[in-house]
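Engineer: Any chance you can model this:
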Amino acid sequence: MNRHLKILGLILLLAVIAAKPALVWAEEAAAEAGAEGGEGGGEKAPVAESKKNIIEGDPGSPSLKGPYIELKQMNVVAIYRGVPVRHMNYILVLEMPDMEEYRFVLQRIEILRSAMVEELHVIGSSQKGALLKDYDFIKDRLLKVADKTVGQGHVKSVLIKSTAGRNLPEFYTVPKK
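Structural biologist: So this is what the prediction gives:
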């Protein structure tokens, strides 16, 4: 019991440490927004407040050269026969053919991200999550989801920026009765 409390305390400490840079970034972004004071110069597409939780960077960011939308981290747990067996994290980037398509997809980004997360969970529930490591398969499936969700040809390709995964230890398995 005492060991579990120590582990829980360590997890909470790591969560606080991981959240601190995000808080600093949010405070800096709020300070910059207040310093602009009104409409800024430049052609930035407006991003709704709810979409900022989904999109990693804004369209005017120097890291986004061209019509790309970088989605925030997606967490997937592969559940095979009722038991969680693998945990995966993905950061995806959507590439559009032009800025007009970029604006079109940006208006539908919440629905598209939800559909992609759902598809990743479906992929993870087959073959003990082995397909979660087949990146070409995942990109093809997610592009089909994008075509089905927002329409054919609006998303040119789905890119996987980064991924991390691990097999879950038997500690997380459900005991058999």
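Engineer: so what's Tyr172 scoring on pLDDT?
Structural biologist: Note on Tyr172: pLDDT of 60.
Engineer: again but with Ser61, I slipped
Structural biologist: 51.
Engineer: now Ala48
Structural biologist: So, for Ala48, pLDDT stands at 60.
Engineer: for Arg166, what are its contacts?
Structural biologist: Arg166 sits next to Arg86, His87 when contact means CB atoms under 8 Å, 6 or more residues apart in numbering. Quick note: C-beta positions are derived from backbone N, CA and C, even for glycine.
Engineer: quick one: what helix or strand has it in it?
Structural biologist: strand 157-167 (DSSP states H and E).
Engineer: List the buried residues of stretch 108-115.
Structural biologist: Buried residues in stretch 108-115, counting neighbours by 16 or more other CB atoms under 10 Å, are found at Ile109, Leu112, Arg113, Ala115.
Engineer: Quick check: which ranges of the chain have low pLDDT?
Structural biologist: For the chain, applying pLDDT under 70 flags the ranges 1-66, 128-129, 171-177.
Engineer: for it, what's the longest strand?
Structural biologist: Counting residues, the longest strand in the chain under DSSP state E turns out to be strand 83-95.
Engineer: returning to what we had before: give the partner strands of the strand holding Arg166 in its sheet and their orientations.
Structural biologist: Here strand 157-167 is paired, per DSSP bridges, with strand 83-95 (antiparallel).
Engineer: What residues sit buried inside the strand it pairs with?
Structural biologist: Val85, Arg86, His87, Met88, Tyr90, Ile91, Leu92, Val93, Leu94, Glu95.
Engineer: Spatially nearest residue to the fifth one (excluding sequence neighbours)?
Structural biologist: The reference is to Tyr90. For Tyr90, ignoring the flanking residues on the chain, the nearest one in space by CB to CB, 6 or more residues apart in numbering is Met74 at 4.7 Å.
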